[in-house]
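**Q** Structure for the following, please:
(2 chains)
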Amino acid sequence: MNNLASKVSRQLQQIPKSGIRDFFELVQGRDDVISLGVGEPDFSTPWHIREAAIYCLESGNTAYTSNLGLLSLREEISGYVQRYFGPTYDPKSEVLVTVGVSEALDLAFRALLNPGDEVIYHEPCYVSYSPSIVMAYGVPVTIATRLEDNFTLLASDVAAAITDRTRIIVLNFPTNPTGAVEPVEELEKIAKLAVEHDLIVITDEIYSELIYDKEDPSKVPSHTSIVSFPGMRERTILLHGFSKAYAMTGFRLGYSCAPSILTDAMMKVHQYSMLCASIIAQKAGIEALRNGAPEVEKMRHEYALRRNLMLEGFARIGIPCFTPGGAFYLFPDITSFGLNSRDFAFGLLEKESVAVVPGTAFGASGEGCVRACYATSRAELEEALVRIERFVGTLR
Amino acid sequence: MIDPILDELQRNSRSTPEELAKLFHQDAAAIAAKIKGWEEDGTILGYHAVVDPERTGHNGVTAFIEVKLTPEREGGFDRIARRISKFSQVTACYLMSGGYDLVVVVEDIDLRAVAQFISEKLSSLEGVISTSTHFQLKVYKQSRFTIQGESHLGRLPVVP
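**A** Down below sits the predicted model:
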């Protein structure tokens, strides 16, 4: 057997390697690095949730669950989604528990797309959107969001991107990597477009609890999802999970809420591939939804303080950065330093051992920016700011 | 709701007004004035380091003494509780619900000194009916800090 590369499917071959990969290798080879390159909380999962997982193991609950997930978890999810997002979903037929939002997203594309169908999404964005669409034989159609709009998505841009092949619009607010929060007026206009053109909307709500007031870290702003607009519940797949708000990334637990016909279709793929999410994670998820709110608020508040700390630091150093309304990322504009985002990130790592992710890892429209994650201790953030200041000092 | 700056100080009393200004995007001078106000009106009673008693090298004992009292016609337990609180050996004193009235804490003192305090001072006070002393054997968590807690999670340095 020679030329094994030719044995890899053509569909997969056309997907480029992750842009983050070579950078990751470089960072891993060093031990003095302060990493603002992560995409997950620095908190361990709150103890009461871990304890529920331990109890699950201890009591011998180690079997498969229903393909949809434990009914008691689906009931908790349904209740939570109703309280936080508005619409009501039947836990028996409209809620599907998945292995993280990433699986749910893959299920949705595989369940809905025919070859050549177009999927509109906004960039810069999470790295899996485009590959997941291509692996489901869809065609990615990106809309570049802009720094001057604080990386929000303009409904007029969506309207211009819609063709007769468009099937799905994917939204992710707050956005990874920019932290952008979509203005309610634009969301409403996008909802109208979806209804008018009879499109499905997939909304990735993974960061929706991590939202911040403009100034006051103690104030919890309200969150609006596109699913809450008229005519949207019947055409929306709401994806959410436990990773970010509950600091449960390693548990790999997410879910989708969608009308039963769509849930059934996603379930078909899920039952033959994943079968079900781990029962241990599911039991932990029940505990998270029942009793986790105070811990979520503690972490949210801490992120809010760190966001302020970093914004103040960038302002002092003279790195322009818009105030993101959510997630745990800043997306500062580094164009004034005469380097592209890749060279800036590599230079900062090389000279000062601070890792940030080049904006281009999240799509071409991320050029000119880097992603700095502030889910790291305040002491490390302070030290990172000192090093960044020293680095940009050499560029001026 | 507790003032967020006060809340922050309870977690880290060493935060300076300048540091707090960065976190809360408020004016450092205004924060300093606020803190001074709390110190003056008794909202902030003091500042201390939280230490792991096993690492101090001191061999004293810590005891929680349950005290039963006869309440007084006027003032209930207040007069006698305040009187007990004034002893310098006492580091905390709380009025409790349940099977006894006060819990009196003495920390890191000589065993003989605890015995002496209880027999000569506490038990002989008018109004004290009985005492029951519990010695602390080991500390697992102190003022929100878990002792020998978590092995810190090894996150990958770059994650999308």
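
**Q** Can you read off the pLDDT for the closest residue to A:Phe328 other than its chain neighbours?
**A** Among residues not flanking A:Phe328 along the chain, A:Ala375 sits closest, at 4.4 Å (Cβ to Cβ, 6 or more residues apart in numbering or on different chains). (C-beta placed from N, C-alpha, C; glycine too.) Among the per-residue scores, A:Ala375 holds a pLDDT of 97.

**Q** correct me, but A:Thr300 touches A:Leu210?
**A** If you look again at residue A:300, you'll see it is Arg, not Thr. Yes. If you go by Cβ atoms under 8 Å, A:Arg300 and A:Leu210 touch, sitting 5.8 Å apart.

**Q** May I have the phi/psi pair for A:Glu382?
**A** Dihedral angles of A:Glu382 (phi, psi; degrees, to the nearest 10) stand at phi -60, psi -50.

**Q** Look up how far A:Arg74 lies from it.
**A** Distance of A:Glu382 to A:Arg74, computed by Cβ to Cβ, to the nearest Å: 43 Å.

**Q** Can you name the residues that contact the residue nearest to A:Phe328?
**A** By Cβ atoms under 8 Å, 6 or more residues apart in numbering or on different chains, the residues touching A:Ala375 are A:Val38, A:Glu40, A:Pro41, A:Asp42, A:Tyr303, A:Arg306, A:Phe328.

**Q** Between all of those, which two are at the greatest distance?
**A** The span of these, defined through Cβ to Cβ, is set by A:Glu40 and A:Arg306 at 14.5 Å.

**Q** who in chain B is up against chain A?
**A** Counting by Cβ under 8 Å from any Cβ of the partner chain, chain B comes close to chain A at B:1, B:4, B:8, B:22-25, B:150, B:153, B:155-160.

**Q** how about the residue nearest to A:Phe328, secondary structure?
**A** Of the three states, A:Ala375 takes coil under DSSP: H, G, I helix; E, B strand; the rest coil.

**Q** Among the contacts of A:Ala375, which one is most surrounded by other residues?
**A** Comparing the contacts of A:Ala375 by number of neighbours (other Cβ atoms under 10 Å in any protein chain shown), A:Phe328 comes first, having 30 neighbours.

**Q** Would you indicate which residues of stretch A:220-240 are buried?
**A** Residues of stretch A:220-240 classed as buried by neighbour count (16 or more other Cβ atoms under 10 Å in any protein chain shown): A:220, A:223-229, A:232-233, A:235-240.

**Q** what about the closest residue to chain B within the stretch 51-200 of chain A, how many neighbours?
**A** Proximity of the stretch 51-200 of chain A to chain B (Cβ to the nearest Cβ) peaks at A:Val127, 4.3 Å away. A:Val127: 21 surrounding residues under other Cβ under 10 Å.

**Q** got a list of what it touches?
**A** Contacts of A:Val127 by Cβ under 8 Å, 6+ apart are A:Ser18, A:Gly19, A:Ile20, A:Ala361, A:Phe362, B:Pro160.

**Q** Just the buried ones from those residues?
**A** In these, the ones that pass as buried (16+ other Cβ under 10 Å) are A:Gly19, A:Ile20, A:Ala361, A:Phe362, B:Pro160.

**Q** Find the nearest non-adjacent residue to the second one, please.
**A** Meaning A:Ile20. Using Cβ to Cβ, 6+ apart and skipping the chain neighbours, the partner closest in space to A:Ile20 is A:Ala361 (4.7 Å).

**Q** list the contacts for that neighbour?
**A** Residues in contact with A:Ala361 (Cβ under 8 Å, 6+ apart) are A:Ser18, A:Gly19, A:Ile20, A:Phe23, A:Val127, A:Pro177, A:Arg371, B:Pro160.

**Q** and the helix or strand containing the fourth one, what other elements does it pack with?
**A** This means A:Phe23. Secondary structure from DSSP states H and E places A:Phe23 in helix A:21-28. If you count contacts as 3 or more Cβ pairs under 8 Å, 6 or more residues apart in numbering or on different chains; DSSP states H and E, helix A:21-28 packs onto helix A:341-352.

**Q** pull the CA atoms of the helix it packs on into CSV?
**A** The C-alpha coordinates for helix A:341-352 follow below in CSV (Å, rounded to 0.1, in the frame of the first residue of the first chain):
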residue,chain,number,x,y,z
SER,A,341,-1.7,39.3,13.4
ARG,A,342,0.3,36.1,12.9
ASP,A,343,3.7,38.0,13.1
PHE,A,344,2.4,39.9,16.1
ALA,A,345,1.4,36.7,17.9
PHE,A,346,4.6,34.9,17.0
GLY,A,347,6.8,37.9,18.0
LEU,A,348,5.0,38.3,21.3
LEU,A,349,5.6,34.6,22.0
GLU,A,350,9.2,34.7,20.9
LYS,A,351,10.2,37.9,22.7
GLU,A,352,8.0,37.9,25.8
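
**Q** Mind checking what secondary structure the residue nearest to A:Thr98 when sequence neighbours are not counted has?
**A** With sequence-adjacent residues excluded and distances taken as Cβ to Cβ, 6+ apart, A:Thr98 is closest to A:Ala104, at 4.2 Å. Using three-state DSSP, the structure places A:Ala104 in helix.

**Q** doesn't A:Cys257 make contact with A:Ala104?
**A** No. Counting by Cβ under 8 Å, A:Ala104 stays clear of A:Cys257, with 9.8 Å between them.

**Q** got any residues that touch both of the two?
**A** With Cβ under 8 Å, 6+ apart as the test, A:Ala104 and A:Cys257 both reach A:Ile237.

**Q** State the helix or strand in which the most centrally placed residue in chain B lies.
**A** The structure's chain B has its C-alpha centroid closest to B:Ala92; by Cα atoms, centre = their mean the separation is 6.1 Å. According to DSSP H and E, B:Ala92 maps onto strand B:90-95.

**Q** Flag the shaky bits of chain B, pLDDT-wise.
**A** For chain B, applying pLDDT under 70 flags the ranges B:149-153.

**Q** mind checking the longest helix of it?
**A** When chain B is parsed with DSSP state H, its longest helix is helix B:28-41.

**Q** Sheet partners, orientation included, of the helix or strand following that helix?
**A** Next helix or strand after helix B:28-41 toward the C-terminus (DSSP H and E): strand B:61-69. If you go by DSSP bridges, strand B:61-69 pairs up with strand B:102-109 (antiparallel), strand B:128-135 (antiparallel).

**Q** about what we covered before: where does confidence bottom out across the contacts of A:Val127?
**A** Note: of those, the lowest pLDDT belongs to A:Gly19, at 73.

**Q** what secondary structure does the closest residue in space to it that isn't next to it in sequence sit in?
**A** Closest residue in space to A:Gly19, ignoring its immediate chain neighbours: A:Ala361 at 4.3 Å, by Cβ to Cβ, 6+ apart. Assigned by three-state DSSP, the conformation of A:Ala361 is helix.

**Q** how long is stretch A:164-173 end to end?
**A** Start to finish, the residues bounding stretch A:164-173 are 26 Å apart (Cα to Cα, to the nearest Å).

**Q** Next: stretch B:60-75.
**A** Stretch B:60-75 has its terminal residues 35 Å apart, counting by Cα to Cα.

**Q** buried residues in that stretch?
**A** Going by 16+ other Cβ under 10 Å, stretch B:60-75 has these buried residues: B:Val61, B:Thr62, B:Ala63, B:Phe64, B:Ile65, B:Glu66, B:Val67, B:Leu69.

**Q** which two in those are spaced the farthest apart?
**A** Spatially, the most separated pair among the buried residues of stretch B:60-75 is B:Val61 and B:Leu69, at 23.8 Å (Cβ to Cβ).

**Q** A:Phe43: what's it in contact with?
**A** Counted by Cβ under 8 Å, 6+ apart, A:Phe43 has contacts A:Ala247, A:Met299.

**Q** Just the element for A:Arg167, please.
**A** In the assignment (DSSP H and E), A:Arg167 maps to strand A:166-171.

**Q** I am finished for the moment; much appreciated.
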